[in-house]
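Novice: Fold the stuff below for me.
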Amino acid sequence: MSNDLPPEAAAAALAGLPLMTVHRLLALLRQHRPHEAFAVAGGAAAPAPGSLIERVLGDTTVRRAWRESATTAHLEATWERCRRAGIDVVSIGDSRYPEVFASDPLPPPVVFFLGDLDLLRGRRVGIVGTRNATSVGRQVALRFGQGLASAGVNIVSGLARGIDGQAHRGVLQSAAAGGAGRPIAVVASGLDVCYPREHGGLWRDVAEQGLLVSEWPPGSEPLAYRFVQRNRLVAAACEVLVVVESRERGGSLVTASLAAERGVPVMAVPGSAANRAASGVNELLRDGSSPALDVDDVLVALSLDHARVGPLFAEQRQRPRASDRTVYDLCRLRPCTIGDVADATDRPLIEVAMALARLEQAGWVGQTDGWYEVLGAPLT
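Specialist: Predicted coordinates for the structure are as follows:
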């Protein structure tokens, strides 16, 4: 084995060994430096006594598969493929390794990327949803991506068909108009294997203007289990996750669950009860997720999130008039109709309607089917 290649080459080659798993690769790279870890896998060095890898190598099938594959030829071929595609590599323990992944319960042992890795240090919102999106859902995803990027927020998604792709198209439209936010895509294949194929142009634009991330080496096909693993990285990479459309089951709900486990706030865009594509998001709302009626709702959620990263957005909403505060307080207690507020305050309907219109325009309340409720951070 040639030690003339950088440690990243050994880490990349390890990620491509047969029967390699996230847990096995983590154990290798936490116990050994990349070149030494590669030597352990190839049988040229001994694993740490009593370690997980020692037990793994006790399995004849794994030991044979690794020793046959962990060769100098494999190492050099993997690194050459990375270089030809312009793919950079960072492994856990490296000073460049992203903090958002390092603190995750199951961090990716090796990160392959195209673009600017420092985007993971900026403000980040995930936008996910069904591949079979409605035209309304696609428009909403585009609008959210564009609006958040215009506010300087980077958008994380899986670059899938439907909602994911539309969110990133919105970011790119914002960037073309001078917006500061950039796209961050986490994919389930090697970075030289575009999936879905029709996203070839979008894939290139994200890599050139933002960041494209995978934990799989070049040449890796988009197998089903890799999408499940990819979802945890989407969840780990964002500060707030917004689900635009989702059916009763699907990857976006899995991502929402993974985000909640990581303490990432999950927001959902409400949809019609008659729209099957909205059944999943409506379930999220029923179970306690915050509604995301517009971009401002998400910006407010970001400003409340002190735990995840640095500078915060200041409160952007204009404080309501003193005369509107009573109306706001009623909606804060429970969703109200105009009639409910008029009855409770003994004020004329037209006066209540004007107060609610001002509160809604400023972003303090939102209305769905005639019911008004408080949005975002509470008024203090």
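Novice: which secondary structure elements does the longest helix seen in the chain contact?
Specialist: Identified as the longest helix of the chain according to DSSP state H is helix 135-150. Here helix 135-150 touches strand 124-128, strand 154-157, helix 163-176, helix 295-304, going by 3 or more CB pairs under 8 Å, 6 or more residues apart in numbering; DSSP states H and E. The C-beta positions use only the backbone N, C-alpha and C, and glycine is treated the same way.
Novice: what about the longest one, distance to the chain center?
Specialist: Right, helix 163-176. Distance of helix 163-176 from the chain centroid (CA atoms, centre = their mean, to the nearest Å) equals 14 Å.
Novice: Then the second one?
Specialist: Per CA atoms, centre = their mean, the displacement of strand 154-157 from the mean C-alpha position of its chain is 6 Å.
Novice: Would you single out the least confident of the helices and strands packed on helix 135-150?
Specialist: Lowest mean pLDDT within the helices and strands packed on helix 135-150: helix 295-304, at a mean of 86.
Novice: quick one: contacts for residue 155?
Specialist: By CB atoms under 8 Å, 6 or more residues apart in numbering, the contact list for residue 155 reads 124-127, 145, 148-149, 167-168, 170-171, 181-184.
Novice: Which residue is the nearest non-sequential neighbour of it?
Specialist: Leaving aside its chain neighbours, residue 155 sits nearest to residue 171 (4.7 Å; criterion: CB to CB, 6 or more residues apart in numbering).
Novice: roughly how far apart are the one you found and residue 80?
Specialist: According to CB to CB, to the nearest Å, residue 171 and residue 80 sit 32 Å apart.
Novice: now residue 291
Specialist: With distances taken as CB to CB, residue 291 is found 50 Å from residue 80.
Novice: out of those two, which sits in the busier spot?
Specialist: Just comparing residue 291 and residue 80: by other CB atoms under 10 Å the higher neighbour count belongs to residue 291, 18 against 13.
Novice: Just grab the bridge partners of the more buried one for me.
Specialist: Residue 291 forms beta bridges with residue 268, as assigned by DSSP bridges.
Novice: Could you verify my assumption that residue 24 touches residue 53?
Specialist: Yes - the criterion here is CB atoms under 8 Å, and residue 24 meets it with residue 53 at 7.0 Å.
Novice: Any chance you could give me the lowest-mean-pLDDT helix or strand in the chain in CSV, C-alpha atoms only?
Specialist: Lowest by mean pLDDT, DSSP states H and E among the helices and strands of the chain is strand 365-368, with a mean of 75. Taking Å, rounded to 0.1, in the frame of the first residue of the first chain, the C-alpha atoms of strand 365-368 are listed here in CSV:
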residue,chain,number,x,y,z
VAL,A,365,-51.5,35.5,13.5
GLY,A,366,-52.4,33.2,10.7
GLN,A,367,-55.8,32.2,9.3
THR,A,368,-57.0,28.8,8.1
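Novice: Any idea how far it is from the middle of the chain?
Specialist: Distance of strand 365-368 from the chain centroid (CA atoms, centre = their mean) equals 27 Å.
Novice: Quick check: PyMOL command selecting the buried ones in the contacts of residue 155.
Specialist: Burial among the contacts of residue 155 is assessed by 16 or more other CB atoms under 10 Å; the matching PyMOL selection reads:
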select buried, resi 124+125+126+127+145+148+149+167+168+170+171+181+182+183+184
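Novice: tell me the mean pLDDT over the strand or helix carrying residue 354?
Specialist: Here residue 354, judged by DSSP states H and E, is contained in helix 349-362. If you average the pLDDT over helix 349-362, you get 90.
Novice: buried ones in it?
Specialist: Within helix 349-362, judged by 16+ other CB under 10 Å, the buried ones are 352, 355, 356, 358, 359, 360, 362.
Novice: Likewise for stretch 186-202?
Specialist: So for stretch 186-202, counting by 16+ other CB under 10 Å, buried means 186, 187, 188, 189, 190, 191, 192, 193, 194, 195, 199, 202.
Novice: Filter those down to the ones in helices?
Specialist: Short answer: the buried residues of stretch 186-202 in helices (DSSP H) are residue 202.
Novice: related to what we said a few turns ago, can you pull the buried residues of the least confident helix or strand of the chain?
Specialist: Along strand 365-368, these residues count as buried under the neighbour rule (16+ other CB under 10 Å): 365, 366, 367.
Novice: thinking again about what came up before, cross-check the contact I'm expecting between the residue nearest to residue 155 and residue 143.
Specialist: No - counting by CB under 8 Å, residue 171 sits too far from residue 143 to count as a contact (11.4 Å).
Novice: Narrow the buried residues of stretch 186-202 to those in strands?
Specialist: Among the buried residues of stretch 186-202, the residues falling in strands (DSSP state E) are residue 186.
Novice: Check the buried residues of stretch 186-202 and tell me the two furthest apart.
Specialist: Greatest spatial distance among the buried residues of stretch 186-202 (CB to CB): 190 and 202, at 17.0 Å.
Novice: where are the low-confidence patches of this protein?
Specialist: Judged against pLDDT under 70, the low-scoring parts of the chain cover residues 1-3, 304-317, 368-369, 376-378, 380.
Novice: Show the residue spans covered by the strands in it.
Specialist: Using DSSP E, the strands of the chain run over 88-91, 110-115, 124-128, 154-157, 183-186, 211-214, 240-243, 266-268, 290-291, 365-368, 371-374.
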